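Peer 1: The sequence and its predicted three-dimensional model are supplied below.
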Amino acid sequence: MSEHDNGIEREVMEYDFAIVGGGPAGFACAIRLKERQPDANICLLEKGAEVGAHILSGCVMEPAPLDELMAAWRDDPPAICVPAGRDEFRFFTKTRSFRLPTPPQMHNAGNFIVSLGELCKQLAAHAESLGVEVFAGFPGRHPLIEGDGPAARVIGVRCGDMGVEADGTPDGRPGPGFAPGVDIHAKTTILAEGCRGSLAKLLIARFRLDRDATPQTYGLGFKELWRLPAGRATPGLIQHSVGWPLDHKTYGGSFVYHLDEDRVYVGYVVGLDYADPRFSPFEAFQQFKHHPDIIRLLEGGEIISSGARTIIEGGLQALPRMDMPGALLIGDAAGTLNVPKIKGVHQALRSGMLAAEHLAAHGSGEGYDAAFRASPAGRELHKVRNIRPGFHGGLWLGMANGALETVLGGRGPWTLKTHADWNSLQNQAATRAHGAQAAMAAHWHAERTLAPRDRLASVYFANTVHEEGQPVHLRVADTSICATRCAEEYGNPCTRFCPVGVYEMVDDGAGGRRLHINASNCVHCKACDIKDPYQIIDWVTPEGGSGPNYQTL
Amino acid sequence: MKILVGIKRVIDYNVRVQVNRDGTGVVKDGVKMSINPFDEIAVEEALRMKERGDAAEVVVVSIGPEAAQQQLRTALAMGADRAILYQAEEEVQPLAAARALLAIIKAEDPGLVLLGKQAIDDDANQVGQMLAALWDRPQATFVSGLEFIDSVARATREVDAGLEQIDVELPAVITVDLRLNEPRFVKMPDIMKAKRKPLDIRPFAELGVEMPPQLETGLHEPPPKRQGGIKVESVEALVKALHDKGVLS
């Protein structure tokens, strides 16, 4: 824990349930708990300056779980909510595209294209109306654990301190406006931080929750909201593509969701198990936008906002145990997303509601893990468990395996293993100049005309803010590796995988190079924490309210 | 002494403001709203005065939509004693706001009115000055330093030439500038306490202020796109380029 522990008096607030993270899982849990136990004291912490500020999802939502949680949402839909129309699935080459049959999991009849940020604001209002105390701008910074060994138990979370000044040490020192974070004590702490939550990461390690799971895998998603010239968008049209600019070995693809009022969501997802250290997911997305099919749509339009966030893709075999003494993991903090459906919101809502029902019925979280796996949400993950790992052999094998698994409905007796992302990068010597991706990597800076011009320009459309005087919240355990081993082995991939250019190698003034971290650009996507090949980057929460301010994403 | 602080709900300063499709205004749907930053500085100053013993009560007041309660709750969580919202869903222009504040002053009888120097949405910078005139009391605007000597406020003003110090007799209207203070962080237990503090919501009409719009907005337009720069090879080329642009004669 931080050095501010010494001599700093902290207020303690007692709750029955403390929920960390204002996303669909957290609010579903809070709302359902309040319905079952109206007298329970529940608080929900959100690190963004307001609910929805940090959340980012495609997002085509399956509505059934939301109907179950908050039936009235259809009468008062979120600011962006368009019924799904036609589905289109295409394979891209550099200049052409071919229609493919839409995989059955990707049929969207009856679903809705929504802004998840806007939906979360409505869930927050509903939760507050039931008496949940929602605190936006307050990150859960440290888990509070009592006891050792088998007796260890989570008793709450410590909120991040406000007004800390950078002084060269990792933790900084209290500044003039310093306000120590409150300790929240709760009978049960529920972690709903989303993909690669910083507390979930600590607790998974502390309680070895992943000891029976295969390595977790992730994707990195980008999303932009565009306003097009009048008449160009087809409200409800859902377009996905695979292929160019990715080679067949790299997992990923695009989405274009057509909204009302001449708006579209355009985005791109890349599996973080890509192998070429020179690969830049951001550039792949920007090049995709210049495919003839896409530039035709976007040209003359205006970018309104942009963002990036990692996606948890390991599925059932990588799912850690979801209960531990005193705490639960729900939603994507555990990894409940359905990759073949490319949907996580309905699963997050279900896992949150189920956690609440379990807590209300049993008085503790014990047994929640088994309950989740046996629930419809767990069974849904079981059915599709072998599809994403099948892409480890490349796009075509993956598609063939996906078709087989779909026919079998996941009833095959085998379960494919997942592989960690951080050790998937090939040593530069092995990748030097071969393969289509390598050829493309040499031309990342191909002529582009559409906004944003570069990663720094995209930061502007994410409305990201961090006080400049804060300590750096991206902690690199050993920066000497950067200029030596990493430069040689991988050519500093952090300077390319970060979607907003946080990491830069600069002249150290003595003839060498050193790592410079532009922490204030960070959009809290967590890609660095996942993909760094030496696992020495630790993403921690900065001062509350910092980070992106996504608008209608 | 009672201090009345006016606060306005505006689009958060971190948000990139966009003009709506038909040019009738800016996009507010799904956009983060906050206390006008200058007003937040005014709240902070009032709280510091109370903590020093220069004031007994801090009342925050806002004129605006129902949702402006959120901003008043924030001010209460910072430490204000009570809040009043005069609910007006339509735009309230500066003169109407000044008249409304005058009516509120009549009811509340404060010893000091603290306002932000301007709101960051329309940047009008008029309400404080109009209010002082209507109230017929002294004013100190663009204040970046403030102390009290008996019934006199000694205000340091940010003016074009630098800093100016003036004394104003209380009650007065003081509008605050950026450098006056740095507002505190709101603490979690104080957010809880703020939920129990009084927040009155009253209809704007109750103030009896006629507000025919004085200003008519023609069109909202984003600023023109900036042209990219060019690189020139030599001093001669630079001079020529500047000549061609008409910058040098």
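Peer 2: Thanks, I have it.
Peer 1: residues in the stretch 301-450 of chain A within reach of chain B, list them.
Peer 2: A:304-305 (Cβ under 8 Å from any Cβ of the partner chain). Glycine gets a C-beta too; all of them are placed from N, C-alpha and C.
Peer 1: quick one, helices of the stretch 301-450 of chain A?
Peer 2: A:315-318, A:345-362, A:368-374, A:376-383, A:387-390, A:395-408, A:428-431, A:435-441 (DSSP state H, counting those that start in this stretch).
Peer 1: Average pLDDT for the fifth one, rounded please.
Peer 2: In this model, helix A:387-390 has an average pLDDT of 91.
Peer 1: again with the fourth one
Peer 2: What helix A:376-383 shows for mean pLDDT is 96.
Peer 1: Pull out the CA atoms of that helix and give them to me as PDB.
Peer 2: C-alpha atoms of helix A:376-383 as PDB (Å, rounded to 0.1, in the frame of the first residue of the first chain):
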ATOM      1  CA  PRO A 376     -27.600 -19.500 -18.400                       C
ATOM      2  CA  ALA A 377     -24.700 -17.000 -18.700                       C
ATOM      3  CA  GLY A 378     -22.200 -19.700 -17.800                       C
ATOM      4  CA  ARG A 379     -23.800 -22.200 -20.200                       C
ATOM      5  CA  GLU A 380     -23.700 -19.600 -22.900                       C
ATOM      6  CA  LEU A 381     -19.900 -19.300 -22.400                       C
ATOM      7  CA  HIS A 382     -19.500 -23.100 -22.400                       C
ATOM      8  CA  LYS A 383     -21.200 -23.400 -25.700                       C
END
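Peer 1: which secondary structure elements does it contact?
Peer 2: helix A:315-318, helix A:345-362 (3 or more Cβ pairs under 8 Å, 6 or more residues apart in numbering or on different chains; DSSP states H and E).
Peer 1: Redo those as a markdown table? Include mean pLDDT.
Peer 2: Output for the helices and strands packed on helix A:376-383, formatted as a markdown table (pLDDT from 0 to 100):
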| stretch | mean pLDDT |
| --- | --- |
| helix A:315-318 | 96 |
| helix A:345-362 | 98 |
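Peer 1: in its sheet, what does the longest strand seen in chain B sit against?
Peer 2: What stands out as the longest strand in chain B, according to DSSP state E, is strand B:139-149. Paired neighbours of strand B:139-149 in the sheet (DSSP bridges): strand B:152-159 (antiparallel), strand B:172-176 (parallel).
Peer 1: which residues are in contact with the shortest one?
Peer 2: This points to strand B:172-176. Contacts of strand B:172-176 with the rest of the structure, by Cβ atoms under 8 Å, 6 or more residues apart in numbering or on different chains, involve B:38, B:41-42, B:45, B:112-118, B:128-129, B:131-132, B:135, B:137-144, B:146, B:153, B:155, B:168.
Peer 1: now do the first one
Peer 2: Here strand B:152-159 makes contact (Cβ under 8 Å, 6+ apart) with B:112, B:140-148, B:163-170, B:172, B:174, B:177, B:179.
Peer 1: what about 10 Å?
Peer 2: B:49, B:54, B:111-112, B:117, B:138-148, B:163-172, B:174-180 (Cβ atoms under 10 Å, 6 or more residues apart in numbering or on different chains).
Peer 1: Please tell me how far B:Gly228 sits from B:Ala237.
Peer 2: 17 Å (Cβ to Cβ, to the nearest Å).
Peer 1: Which one's more surrounded, the two?
Peer 2: The neighbour comparison of B:Gly228 against B:Ala237 (other Cβ atoms under 10 Å in any protein chain shown) goes to B:Ala237, with 12 against 6.
Peer 1: list the contacts for the more buried one?
Peer 2: For B:Ala237, the contacting residues are B:230-231, by Cβ under 10 Å, 6+ apart.
Peer 1: buried ones in the helix or strand it falls within?
Peer 2: Using DSSP states H and E, B:Ala237 maps to helix B:235-245. Judged by neighbour count (16 or more other Cβ atoms under 10 Å in any protein chain shown), helix B:235-245 contains no buried residues.
Peer 1: likewise stretch A:154-165?
Peer 2: A:154-164.
Peer 1: now swap in stretch B:102-120 and tell me
Peer 2: Buried-residue list, stretch B:102-120, by 16+ other Cβ under 10 Å: B:102, B:104-105, B:108, B:110-120.
Peer 1: now, among those, which is nearest to chain A?
Peer 2: B:Ile120 (14.9 Å; Cβ to the nearest Cβ).
Peer 1: got a list of what the closest one touches?
Peer 2: Contacts of B:Ile120 (Cβ under 10 Å, 6+ apart): B:8, B:10-13, B:17, B:34, B:36-39.
Peer 1: What's the ChimeraX line that selects buried ones from these?
Peer 2: Buried members of the contacts of B:Ile120, identified by 16+ other Cβ under 10 Å, are gathered into one ChimeraX selection as follows:
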select /B:8,10,11,12,34,36,37,38,39
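Peer 1: what's the most distant pair in the contacts of B:Ile120?
Peer 2: Greatest spatial distance among the contacts of B:Ile120 (Cβ to Cβ): B:Val17 and B:Asp39, at 18.1 Å.
Peer 1: which of the contacts of B:Ile120 come close to chain A?
Peer 2: B:12-13, B:34 (Cβ under 10 Å from any Cβ of the partner chain).
Peer 1: Which one of the residues you listed is nearest to A:Arg513?
Peer 2: In terms of Cβ to Cβ, no member of the ones next to chain A among the contacts of B:Ile120 lies closer to A:Arg513 than B:Tyr13, at 36.3 Å.
Peer 1: quick one: low-confidence parts of chain B?
Peer 2: For chain B, no stretch has pLDDT under 70.
Peer 1: Now A:Ala25: closest residue in space, sequence neighbours ignored.
Peer 2: A:Gly331 (2.6 Å; Cβ to Cβ, 6 or more residues apart in numbering or on different chains).
Peer 1: Count the residues that sit near the one you found.
Peer 2: Residues near A:Gly331, counting by other Cβ under 10 Å: 34.
Peer 1: ok, now how distant is it from chain B?
Peer 2: When distance is defined by Cβ to the nearest Cβ, to the nearest Å, A:Gly331 is 22 Å away from chain B.
Peer 1: isn't A:Leu45 right up against A:Gly23?
Peer 2: No - applying Cβ atoms under 10 Å as the test, A:Leu45 and A:Gly23 come out as separate, 11.7 Å apart.
Peer 1: what do these two both touch?
Peer 2: By Cβ under 10 Å, 6+ apart, the residues touching both A:Leu45 and A:Gly23 are A:192-193.
Peer 1: So if I had to pick from those two, which one is more boxed in?
Peer 2: A:Gly23 (32 against 28).
Peer 1: For B:Ser34, which three-state class applies?
Peer 2: Following DSSP: H, G, I helix; E, B strand; the rest coil, the label given to B:Ser34 is strand.
Peer 1: so does stretch A:173-191 get close to chain B?
Peer 2: Yes - using Cβ under 10 Å from any Cβ, stretch A:173-191 reaches chain B at A:175-182, A:184.
Peer 1: Mind giving me the ChimeraX select for those, buried ones only?
Peer 2: Those of the residues of stretch A:173-191 next to chain B that count as buried under 16+ other Cβ under 10 Å are selected in ChimeraX with:
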select /A:175,178,179,180,181,182,184
